[in-house]
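Colleague: predicted structure and sequence below. I'll ask about it afterward.
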Amino acid sequence: MRTLLRFAGAAIIAACAVAPAASQTPTASETTAGNRLTLRDYLDFEDVQDPRVSPDGRQVLFTRRAIDQINDRWENALWIMNSDGSRLRHLLKGGGARWSPDGTRIAYTAEGEPSGNQLFVRYMDAEGAVTQITRVPKAPTDLAWSPDGKWIAFRALVPMRERWNVSVPAAPAGAKWVEAPHIVEKLSYRRDRVGFTDDGFQQIFVVPADGGTPRQLTDGPFNHGAPEWTPDGRTLVFSGLREADADWMWRESEIYALDVSSKAVRRLTTRKGPDGNPAVSPDGKLIAYTGFDQSTDTWIEQKLYLMNADGSGSRLLTAALDRSPQGLIWAPDGSGIYFMVEDRGSRNLQFVPVAGGAVREITKGAHLLSVNDIDKAGNAVGVKASFTEPNDVVLFSVARPGFKQLTSVNADILQGKQLATAEEIWYPSADGLRIQGWVVKPPGFDPSRKYPLMLSIHGGPHAMYGVGWSFSWQEHAANGYVTLYTNPRGSTGYGAAFGNAIKNAYPGKDFDDLMAGVDTVVNRGYIDAKNLFVYGCSGGGVLTSWIVGHTDRFTAASANCPVTNWLSFVGTTDGASWYYNFEKLPWDDPSEHLRRSPLMYVGNVKTPTMLMTGVRDLRTPMPQTEEFYMALKLRKVPTAMVRFNDEWHGTSSRPSNFLRTQAYLRSWFDRFAVKGAAVTTDESLTRQNP
């Protein structure tokens with residue numbers, strides 16, 4: 001599993017954004033309204049995703065996202081350009097586009113009839129004819145063209161629920177009885193950002209590419225992964241777990257082959273442990289995939305394997321690589337596999353040959369790169385970001401890496417803006433373990449001044465803060481804060497031992513890593529030690545609520561979407577996997593659950609602590625926030641509970657809620673800041689509750 005706990009404009013008039021108390025009054029240049037990023041700029045921000053190069057290498061198709069300020073949501077549109085970046089133009093609304101093998105058509109999803117997302121095909125000639133291919137009750141996903149271009153495979157939810165044979169008297173005519181109860185019988189029955197998942201299973205379909213009736217190829221009470229065709233068009237491979245007790249089989253999945261004509265399913269892998277992400281070689285003889293041997297470790301690095309198409313001859317390709325391969329792409333000539341690797345805050349492309357040999361770096365640098373496609377000539381297209389550069393589409397040759405940036409979708413917003421800079425730091429923790437972090441410094445940073453500090457803690461806990469763009473930190477910096485973000489032990493991108501170092505000890509040792517980082521930055525002399533603040537969401541909320549129970553050094557804190565009581569959490573989060581992250585089950589011995597629960601240390605808390613959580617959160621459900629809030633309130637510790645409407649896990653999926661998250665956070669910190677000088681306010685924003 002990738003993470004143990006995966007937790008990131010409106011018609012809004014304005015949001016309050018209060019700059020922090022500083023020890024010296026900001027200079028006029030630092031408070032010029034037009035040269036710093038403002039919260040309102042977020043409403044005009046754009047993003048790019050999922051670029052795909054045409055089979056002839058001449059064009060690049062990608063999804064461009066912008067904020068619908070009226071309906072308070074992100075909207076997707078497909079854009080296209082020549083592979084040199086010229087003739088950039090809007091194509092149509094939708095996303096998830098895939099080129100047909102001959103490049104004459106694209107398949108994509110968009111709003112259709114009778115409702116919801118449907119599958120469409122557009123011809124890429126001058127006429128540009130568009131056909132709605134499906135009219136299914138549940139949205140199709142993971143589109144895959146057959147090699148001959150005649151079929152499109154996809155996944156969709158198929159309802160399947162056992163009906164109880166009960167007899168209830170009929171309601172009288174005109175009566176308005178309450179809806180019948182939702183009866184749950186599955187172990188894992190809901191998922192954050194989805195809701196109830198016990199009403200059906202993900203099945204694989206094929207549909208004629210020129211329209212027709214979708215044909216369901218899989219069935220049964222099993223979820224099936226994204227399909228991939230073999231080159232002969234006869235077989236689809238996918239990952240899943242077609243076992244009766246799948247819900248009780250922790251960290252298990254297999255790879256299967258599905259005969260398109262007969263619907264027969266064959267299991268290709270047998271190893272105890274998860275196997276997934278199958279990628280078929282260009283000649284159809286081999287399948288690359290990722291997985292690992294079953295383990296009770298909380299973090300295990302994935303390995304890259306290769307097997308024959310019939311499942312025989314499995315062998316490990318990345319034995320010496322202590323990182324997890326992601327996004328497998330075969331070389332066009334079948335000589336090896338390209339994949340992404342996260343390493344020490346960055347993400348780059350690597351390659352391993354099929355014939356054996358060492359893994360080779362293709363790209364290097366301090367950036368976050370995601371490669372989506374590689375054409376027959378070896379030109380790769382992807383999305384790249386750095387700390388001062390938001391996501392944009394790039395293209396490069398895998399033989400001669402050198403990035404050509406094809407888009408600049410936020411150049412108009414950032415033109416003339418003074419941006420924050422980030423300094424990479426390495427420092428020793430309490431036991432000498434070296435920890436990586438970054439210090440975000442405001443525009444016009446002056447080391448002779450004293451700045452308030454925000455410690456930002458990532459979620460997961462198995463996740464990685466990186467060197468990519470963050471509007472959040474940029475906007476905090478524009479309001480005069482220094483931000484420290486780090487990758488304490490348990491983070492990914494540093495190998496299996498580092499990631500697993502918090503096994504049965506989270507939170508705990510990572511607390512020492514975070515405090516050592518704060519000490520390192522404070523000792524540099526430009527931090528106002530009376531104005532230290534801390535916040536984080538999900539895993540970061542866990543650690544924030546732990547921190548306030550173990551130190552009084554912070555002036556104020558915000559524990560967002562936290563877990564505060566492991567005893568009540570493990571049975572109420574979306575899935576049963578958290579039961580396995582403790583040495584014993586809670587009814588056998590609850591001592592570890594209690595020892596690791598921030599709620600057990602609430603008697604020590606003196607720090608003013610706000611909590612912000614989405615009301616629909618199923619990952620770290622609202623009662624986790626409520627328990628901590630009630631305990632703090634009972635003890636008369638300054639606290640506030642901010643309940644975000646229309647939010648699942650996190651507080652920023654709605655653009656207006658992102659604005660509120662930023663504004664409420666700084667408003668809370670400013671309320672308790674030790675005032676050493678005049679407080680400056682972003683005059684472009686009105687003081688009001690948005």
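Modeller: Structure's in. What do you need? Residues are numbered from 1 along each chain as shown.

Colleague: which residues in the stretch 451-600 of the chain form strands?
Modeller: 451-457, 482-487, 527-537, 556-560 (DSSP state E, counting those that start in this stretch).

Colleague: and Ala226, what does it touch?
Modeller: 141-142, 144, 155, 238-239 (Cβ atoms under 8 Å, 6 or more residues apart in numbering). Glycine gets a C-beta too; all of them are placed from N, C-alpha and C.

Colleague: swap in 7 Å and give it another go.
Modeller: 142, 155, 238 (Cβ atoms under 7 Å, 6 or more residues apart in numbering).

Colleague: ok, the closest residue to the first one other than its chain neighbours to Arg52 distance?
Modeller: In space, Asp142 comes closest to Ala226 once its chain neighbours are excluded; the distance is 3.7 Å by Cβ to Cβ, 6 or more residues apart in numbering. Counting by Cβ to Cβ, to the nearest Å, the gap between Ala226 and Arg52 amounts to 15 Å.

Colleague: Thr639 now?
Modeller: From Thr639 over to Arg52 (counting by Cβ to Cβ), the distance is 48 Å.

Colleague: for Val371, same thing?
Modeller: Taking Cβ to Cβ, one finds Val371 at 11 Å from Arg52.

Colleague: longest helix anywhere in this protein?
Modeller: In the chain, with assignment by DSSP state H, the single longest helix is helix 655-672.

Colleague: and that one with strand 556-560, angle?
Modeller: 150 degrees (axes from the mean of the first three to the mean of the last three Cα atoms, to 10 degrees).

Colleague: so for helix 655-672, mean pLDDT?
Modeller: For helix 655-672, the mean pLDDT works out to 98.

Colleague: which elements pack onto that helix?
Modeller: When contacts are defined as 3 or more Cβ pairs under 7 Å, 6 or more residues apart in numbering; DSSP states H and E, helix 655-672 packs onto strand 556-560, strand 609-614, strand 639-644.

Colleague: parallel or antiparallel, list what pairs with the first one.
Modeller: Sheet pairing here is set by DSSP bridges, and for strand 556-560 it gives strand 527-537 (parallel), strand 609-614 (parallel).

Colleague: redo the ones you listed as JSON lines? Include mean neighbour count, mean pLDDT and distance to Asp44.
Modeller: Listed next are the strands paired with strand 556-560 as JSON lines, based on neighbours: other Cβ atoms under 10 Å; pLDDT from 0 to 100; distance: least, Cβ to Cβ, whole Å:
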{"stretch": "strand 527-537", "mean neighbour count": "23", "mean pLDDT": "98", "distance to Asp44": "24"}
{"stretch": "strand 609-614", "mean neighbour count": "28", "mean pLDDT": "98", "distance to Asp44": "25"}
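
Colleague: so which of these comes closest to Leu187?
Modeller: Closest approach to Leu187 among the strands paired with strand 556-560 is made by strand 609-614 (24.1 Å; Cβ to Cβ).

Colleague: now do the closest one against strand 639-644, angle only.
Modeller: Going by the same axes, to 10 degrees, strand 609-614 makes 10 degrees with strand 639-644.

Colleague: using PDB, list the CA coordinates for strand 609-614.
Modeller: Output of strand 609-614 as PDB, limited to C-alpha atoms (Å, rounded to 0.1, in the frame of the first residue of the first chain):
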ATOM      1  CA  THR A 609      -4.900  24.500  19.300                       C
ATOM      2  CA  MET A 610      -7.400  24.800  16.500                       C
ATOM      3  CA  LEU A 611      -8.800  21.800  14.700                       C
ATOM      4  CA  MET A 612     -10.000  21.900  11.000                       C
ATOM      5  CA  THR A 613     -11.700  18.900   9.500                       C
ATOM      6  CA  GLY A 614     -14.200  18.100   6.600                       C
END
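
Colleague: contacts for it?
Modeller: 548, 557-562, 622, 625, 628-629, 632, 637, 639-644, 647-651, 661, 664, 668.

Colleague: one step back: would you turn the strands of the stretch 451-600 of the chain into a markdown table with distance to Glu162?
Modeller: Below are the strands of the stretch 451-600 of the chain laid out as a markdown table (distance: least, Cβ to Cβ, whole Å):
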| stretch | distance to Glu162 |
| --- | --- |
| strand 451-457 | 43 |
| strand 482-487 | 45 |
| strand 527-537 | 37 |
| strand 556-560 | 38 |
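
Colleague: surely Gly459 touches Ser538?
Modeller: Yes - look at Gly459 against Ser538 with Cβ atoms under 7 Å: they come within range, at 3.3 Å.

Colleague: how close does the closest residue to Gly200 other than its chain neighbours get to Ala226?
Modeller: Spatial nearest neighbour of Gly200, excluding adjacent residues (Cβ to Cβ, 6+ apart): Pro159 at 4.2 Å. Distance of Pro159 to Ala226, computed by Cβ to Cβ: 20 Å.

Colleague: in the stretch 551-690 of the chain, where is pLDDT below threshold?
Modeller: Applying pLDDT under 70 to the stretch 551-690 of the chain flags the ranges 677-690.

Colleague: for Ile80, the count of nearby residues, please.
Modeller: Close neighbours of Ile80, defined as other Cβ atoms under 10 Å, add up to 19.

Colleague: and for the one 5 residues further on?
Modeller: In terms of burial, Gly85 registers 16 neighbours under the definition other Cβ under 10 Å.

Colleague: what sits against Trp74?
Modeller: 65, 67.

Colleague: please apply the same query to Ala139.
Modeller: Contacts of Ala139 by Cβ under 7 Å, 6+ apart are 109, 116-117, 156.

Colleague: now the helices for the stretch 151-300 of the chain?
Modeller: Applying DSSP state H, counting those that start in this stretch to the stretch 151-300 of the chain gives no helices.

Colleague: tell me the secondary structure for Leu91?
Modeller: strand (DSSP: H, G, I helix; E, B strand; the rest coil).

Colleague: from Val130, how far off is it?
Modeller: 10 Å.

Colleague: again with Trp177
Modeller: With Cβ to Cβ as the criterion, Trp177 and Val130 are 44 Å apart.

Colleague: my guess is Thr607 contacts Asp552. True?
Modeller: Yes - contact criterion Cβ under 7 Å: Thr607 and Asp552 qualify, at 6.2 Å.

Colleague: so for those two, which residue has more residues nearby?
Modeller: Here Thr607 and Asp552 are compared on neighbour count by other Cβ under 10 Å; more neighbours surround Thr607, at 24 against 11.

Colleague: what residues are up against that one?
Modeller: Thr607 sits in contact with 548, 552, 554, 556-557, where contact means Cβ under 7 Å, 6+ apart.

Colleague: can you check Tyr256 too?
Modeller: By Cβ under 7 Å, 6+ apart, the contact list for Tyr256 reads 237-238, 240, 242, 265-268.

Colleague: which of the contacts of Ala139 sits closest to Val48?
Modeller: Closest to Val48, out of all of these and judged by Cβ to Cβ, is Thr109, at 17.5 Å.

Colleague: tell me which element that closest one falls in.
Modeller: Thr109 belongs to strand 105-111 when assigned by DSSP states H and E.
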